[in-house]
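Asks: this one's sequence-less:
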């Protein structure tokens, strides 16, 4: 065997060896990262369970029966009756400005026109 | 060179020639190199082979072994909870599961069984010493000792430090709303399998997906109605009471209260409390069936809205005589029959329409079959067989005024919604967003529904429903009082079921409300009366007055003025 050939073989073996070493290093670091991920996932899971438990607790504290009793004990409020809810039209004054009225009217007319156009289109399609 | 004796003389210059020595050394070196070279090569080869083997193995471990099944890193968080939550329409939790631990034995023998049992009984005072001790002695494997440990109890068990004890993951179903939704959600058993209500009816859905089940129930409304019903149940010492509030157009159940109820978080003490009066209680509803009778008669076309019927004389069919409960003393038209709740008039209307119309109409509005919701419970109506019903005119007549057909309050709610909403029947549902317009069935003409709306409003303004006329909400409805039957099917005097079917606002019905009392007693305030007008109607009035603002229905204040000006007639024609 000539020296050249030996050198080439040696080089090849070295390269292969380094490649393998590098891949094993890569694998090792991936393994480490996976362990880290597992830990993070475990933490997320713990947090999720904690949130879940807190949600349950929150809804227990917000139980309407409990809230009603608390409101009764600590406030002087009554539940709203029907007479307290009225339409805008029942108000004694005009709640819209002149400009708003005009804009509303324009918008209504535009909507009507659009609707009519759609109906006409549908009628044409049927024909 | 040296002497013959080979010794250097003193002062003699020593003449060193190193040639010879080194030559010899080189010779030695060369000869040994020649001899040793193959061995060196052998050594190198051995090491090379060793390294190659190590390298190949590394290559195999690092690259080749996982080429086919590359394991992806797990990103998702493993779910510990196996049953999905149940939430109301505003996402408030009705049922949820909490992760807990169960204490059980392992394969390993429990050492110091006596001391361990003593320690356990100290932590859990409800445990039986002998039972646990026997378990340890018999070396029962994976035998449960205690379910659902709290975190503090887990810590205490860990402190015992016995390898024979194991904590296994489990979950416990809890119901933060306690009694409020007990009949709707139902309960699960110790193995977390639904045994009643939605937990049973939707068991598959709940266990197969993490996404919460969203109900159409509104907890605020549910609580308001339950509170009012509780008050009235106590006031009239009723056995039981129920209320169903349903969206008239989509048949979504907004609230379903049934009293008595139970706390699903604890062991049930009285099994009678678990009966859902709304879906499972079958009874003869009495006069409220006149609503469906009138709708049937009008829709068949065989009875006209202005037709007048003889209600003065009792109606005789074979051996039976049908009499008036509240005699009006003069012939009545259709509206008056409904307003005065005339038995004779309704019976005559039913007979005029005939069996075929009656049977097919009741079948269309699903009064003769189970109404299935997502709940596990449903009830089958009781009615005589089609054959005997067909040949029995008295059966046709009595179903006309509310006897001879036993249904559940849910049947009444679903069918009543169809009567007022324009004649379209939707199957009731308790899930939010499950309404499917394609599955809706038309059961009567829009015109009949319009006429019915006007008649039902008249019952509240002029008839027995006056106490439920909440200002601004145009309540319409029909009362019903029917005697209860004993076990042998005989009617018991003075023990009644009272029902009020109502809808509001009547010009464009949005909600249907059914209130039922089982055996309400008379009080001083009711002057000895037990009819629906004295208990179910005021309860309905109070419920609507409190619930309608919660549901966001604007009160129509100037309605009374409009009605007197007869402009309102147009409002009924939507």
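Replies: Received it, and whenever you're ready, just let me know what you need. It should be emphasised that the depicted structure is a prediction, and the values quoted were computed from it without experimental measurement.

Asks: for the rest of this, base every contact and every neighbour count on C-alpha atoms.
Replies: Will do.

Asks: in the stretch 351-500 of chain B, which residue sits nearest chain A?
Replies: Going by CA to the nearest CA, chain A is nearest to residue B:472 of the stretch 351-500 of chain B, at 7.0 Å.

Asks: surely that residue meets residue B:555?
Replies: Yes - here residue B:472 lies in contact with residue B:555, judged by CA atoms under 8 Å, at a distance of 4.6 Å.

Asks: same for the helix or strand where residue B:447 lies, what does it pack against?
Replies: Residue B:447 belongs to helix B:446-462 when assigned by DSSP states H and E. When contacts are defined as 3 or more CA pairs under 8 Å, 6 or more residues apart in numbering or on different chains; DSSP states H and E, helix B:446-462 packs onto helix B:289-300, helix B:334-339, helix B:409-420, strand B:476-485, helix B:569-572.

Asks: now the helix or strand that contains residue A:121, how far from the chain's geometric center?
Replies: If you go by DSSP H and E, residue A:121 is part of helix A:98-126. On the basis of CA atoms, centre = their mean, to the nearest Å, helix A:98-126 sits 36 Å off its chain's mean C-alpha point.

Asks: again with stretch A:44-61
Replies: 18 Å.

Asks: average pLDDT across that stretch?
Replies: For stretch A:44-61, mean pLDDT rounds to 88.

Asks: okay, now residue 57: neighbour count?
Replies: I went with chain A, as the question did not name one. The number of residues packed around residue A:57, counting by other CA atoms under 10 Å in any protein chain shown, is 14.

Asks: chain B, not that one
Replies: 15.

Asks: helices along chain A, start to end?
Replies: Assigned by DSSP state H, chain A shows helices spanning A:3-61, A:64-74, A:98-126.

Asks: other SSEs contacting the first one?
Replies: Secondary structure elements in contact with helix A:3-61, counted by 3+ CA pairs under 8 Å, 6+ apart, are helix B:19-59, strand B:93-105.

Asks: and the second one, by the same measure?
Replies: Applying 3+ CA pairs under 8 Å, 6+ apart, one finds that helix A:64-74 makes contact with helix B:219-235.

Asks: sorry, back to before: quick check: which of the helices and strands packed on helix A:3-61 is nearest to residue A:99?
Replies: Each of the helices and strands packed on helix A:3-61 has some distance to residue A:99 by CA to CA; the shortest is strand B:93-105, at 46.4 Å.

Asks: measure how the closest one sits relative to helix A:3-61, angle-wise.
Replies: 120 degrees (axes from the mean of the first three to the mean of the last three CA atoms, to 10 degrees).

Asks: pull out the buried positions in the helix or strand following strand B:93-105.
Replies: Counting by DSSP H and E, the next helix or strand C-terminal to strand B:93-105 is helix B:113-123. Within helix B:113-123, the residues scored as buried using 16 or more other CA atoms under 10 Å in any protein chain shown are B:113-114, B:116-117, B:120.

Asks: which residues touch helix B:113-123?
Replies: B:127-129, B:132-133, B:136-137, B:153, B:156-157, B:160, B:162 (CA atoms under 8 Å, 6 or more residues apart in numbering or on different chains).

Asks: what about the residue in chain A that chain B sits nearest to, neighbour count?
Replies: Nearest residue of chain A to chain B (CA to the nearest CA) works out as residue A:60 at 4.4 Å. Close neighbours of residue A:60, defined as other CA under 10 Å, add up to 19.

Asks: and it, what does it touch?
Replies: Taking CA under 8 Å, 6+ apart as the test, what residue A:60 contacts is B:176-177.

Asks: now the residue in chain B positioned nearest to chain A, what's its secondary structure?
Replies: Here chain B gets closest to chain A at one residue, residue B:176, 4.4 Å apart by CA to the nearest CA. Three-state assignment for residue B:176 (DSSP: H, G, I helix; E, B strand; the rest coil): coil.

Asks: my read: it touches residue A:66, true?
Replies: No - between residue B:176 and residue A:66 there is no contact under CA under 8 Å: 10.9 Å.

Asks: low-confidence ranges in chain A?
Replies: A:1, A:82-83, A:85-95, A:126-127 (pLDDT under 70).
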